[in-house]
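Colleague: my questions concern the predicted model and sequence given below.
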Amino acid sequence: MEIAVLPVGSVDEGILEHICDFLQKVFPKTSSLLLRQVMPLPDEAYNASREQYNSSILLSKLMPFKFGIDRLLGITEADLHVPSMNFVFGEAHPLWGVAVISLHRLRPEFYGQTSDNTLFLERCAKEAIHEVGHILGLSHCDDPQCVMFFSNSIKDTDRKGLSFCKRCYGEVLRILKSPKPVYPKDSR
């Protein structure tokens with residue numbers, strides 16, 4: 001399986017490469033590819049009153065970039081939301097095989113803390129793994145240490161680990177060995 005990473009708007013290439021490397025280490029028998037294209041942030045996804053982008057619209061705009069790729073992860077610096085929530089760290093559409101994550105709220109500076117690149121990159125990896133887990137077919141996990149645990153806040157992201165619990169990792173292995181993709185419902 002190949003996981004492609006696509007910048008959505010301007011994103012530091014070092015961050016994108018870090019995420020690609022991490023995805024390849026975490027998901028067995030996969031390769032990761034950093035796409036050199038950049039998807040511009042679509043005007044129609046921007047909600048001026050919220051100063052955020054609708055992640056569901058971004059997912060639909062990612063589809064043309066997925067041609068010939070198994071799974072696609074968009075990464076943006078923009079703050080994301082869905083209409084029913086104040087913000088999201090990311091969103092996935094398993095049926096389409098696409099996901100998007102936002103780096104905006106992963107930076108310690110967003111919370112008035114001192115810049116910490118190690119913590120920031122760890123948060124980036126966690127959210128990328130989480131959303132790729134969703135596009136593979138995994139649901140949220142009840143184990144607060146599992147990377148598939150739902151992050152309602154940055155504290156949840158910091159508490160969970162960089163890896164899957166035993167049950168979720170078993171599902172990853174099963175899915176990656178399956179000749180046919182598993183198609184669950186939408187996930188956040």
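Modeller: Good, I have the coordinates.

Colleague: my guess is Val82 meets Val88, correct?
Modeller: Yes - counting by C-beta atoms under 8 Å, Val88 is a contact partner of Val82 at 5.7 Å. Any C-beta I mention is one placed from the backbone N, CA and C, and that applies to glycine too.

Colleague: show me which of those two is the more surrounded one.
Modeller: Val88 (23 against 16; other C-beta atoms under 10 Å).

Colleague: what's the separation between that one and His130?
Modeller: The gap separating Val88 from His130 is 11 Å, by C-beta to C-beta, to the nearest Å.

Colleague: just Cys165 next, same as before
Modeller: 13 Å.

Colleague: okay, the longest helix along the chain in CSV with CA atoms only?
Modeller: Ranked by residue count, the top helix of the chain under DSSP state H comes out as helix 117-136. The C-alpha coordinates for helix 117-136 follow below in CSV (Å, rounded to 0.1, in the frame of the first residue of the first chain):
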residue,chain,number,x,y,z
ASN,A,117,9.5,21.4,18.1
THR,A,118,9.9,17.9,19.5
LEU,A,119,6.4,18.0,21.1
PHE,A,120,5.0,19.6,17.9
LEU,A,121,6.4,16.9,15.6
GLU,A,122,5.1,14.2,18.0
ARG,A,123,1.6,15.7,17.8
CYS,A,124,1.9,15.8,14.0
ALA,A,125,2.8,12.2,13.8
LYS,A,126,0.0,11.1,16.2
GLU,A,127,-2.7,13.0,14.2
ALA,A,128,-1.4,11.7,10.9
ILE,A,129,-1.3,8.1,12.1
HIS,A,130,-4.8,8.5,13.6
GLU,A,131,-6.3,9.8,10.3
VAL,A,132,-4.6,7.2,8.2
GLY,A,133,-5.9,4.6,10.6
HIS,A,134,-9.4,5.9,9.8
ILE,A,135,-8.9,5.7,6.1
LEU,A,136,-7.8,2.2,6.5
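
Colleague: helices or strands up against it?
Modeller: When contacts are defined as 3 or more C-beta pairs under 8 Å, 6 or more residues apart in numbering; DSSP states H and E, helix 117-136 packs onto helix 13-26, strand 71-76, strand 90-93, strand 98-102, helix 154-159, helix 166-177.
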